[in-house]
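Asks: Provide a 3D model corresponding to the input given below.
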Amino acid sequence: MKMIKCYIKHQKLEPVREKLFELGVPGVSVSDARGIGKPLSQLRNSSETGSAHVPQFLPSLELTIVLENEAVEEVVQMLQVTAKTGNLGDGKIFVLPVEEAVRIRTGETGPQALY
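Replies: Numbers count the residues shown, from 1 in each chain. Got it, this is the predicted structure:
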């Protein structure tokens, strides 16, 4: 199993949600997030020129999805296409290993706990 952590812009949530469930994703969690990405590298350059610009946190959403390994590539490709605007701050996708999943209500473990 794998966990996908994906950071997207707010306006992309509904199109992404629709596509996730078209692909049969068993579930997704969504949280508000704020972050700084590329502007940090630009900060180093501005300090050399004497500029005092400090990058600001940008609002985004964090999606967490746990899937069986076979579904990960298709979901990541969909996220790339659906969440893309072509502008800075489009987001990031991280894929992490999941050692175990447990459904609290039934005690089911592994992939059975996802569905």
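
Asks: The longest strand seen in the chain pairs with which strands, parallel or anti?
Replies: Secondary structure of the chain per DSSP state E: the longest strand is strand 58-67. Its sheet considered, strand 58-67 pairs with strand 2-8 (antiparallel), strand 29-35 (antiparallel) by DSSP bridges.

Asks: Now the element after the first one, going C-ward?
Replies: Spelled out, that is strand 2-8. Proceeding N to C from strand 2-8, the next assigned helix or strand is helix 13-22, under DSSP states H and E.

Asks: Could you pull out the buried residues of that following helix?
Replies: 16, 19-20 (16 or more other CB atoms under 10 Å). C-beta here means a position set from N, CA and C on the backbone, and glycine is covered the same way.

Asks: Just give me the closest of those to residue 81.
Replies: Each of the buried residues of helix 13-22 was scored against residue 81 by CB to CB, and residue 19 proved nearest at 8.6 Å.

Asks: Test my guess that the closest one contacts residue 80.
Replies: No: if you go by CB atoms under 8 Å, residue 19 and residue 80 don't touch, sitting 11.2 Å apart.

Asks: Ranking helices and strands of this structure by mean pLDDT, which lands last?
Replies: Each helix and strand of the chain was given a mean pLDDT (mean pLDDT, DSSP states H and E); the minimum falls on helix 39-49 at a mean of 54.

Asks: May I see the buried residues of the biggest helix by length in the chain?
Replies: The longest helix of the chain (DSSP state H) is helix 69-83. Along helix 69-83, these residues count as buried under the neighbour rule (16+ other CB under 10 Å): 71-72, 75-76, 78-79, 83.

Asks: ok, and what's touching it?
Replies: 1-2, 4, 6, 8-9, 12, 15-16, 19-20, 23-25, 65, 67, 90-91, 93, 95 (CB atoms under 8 Å, 6 or more residues apart in numbering).
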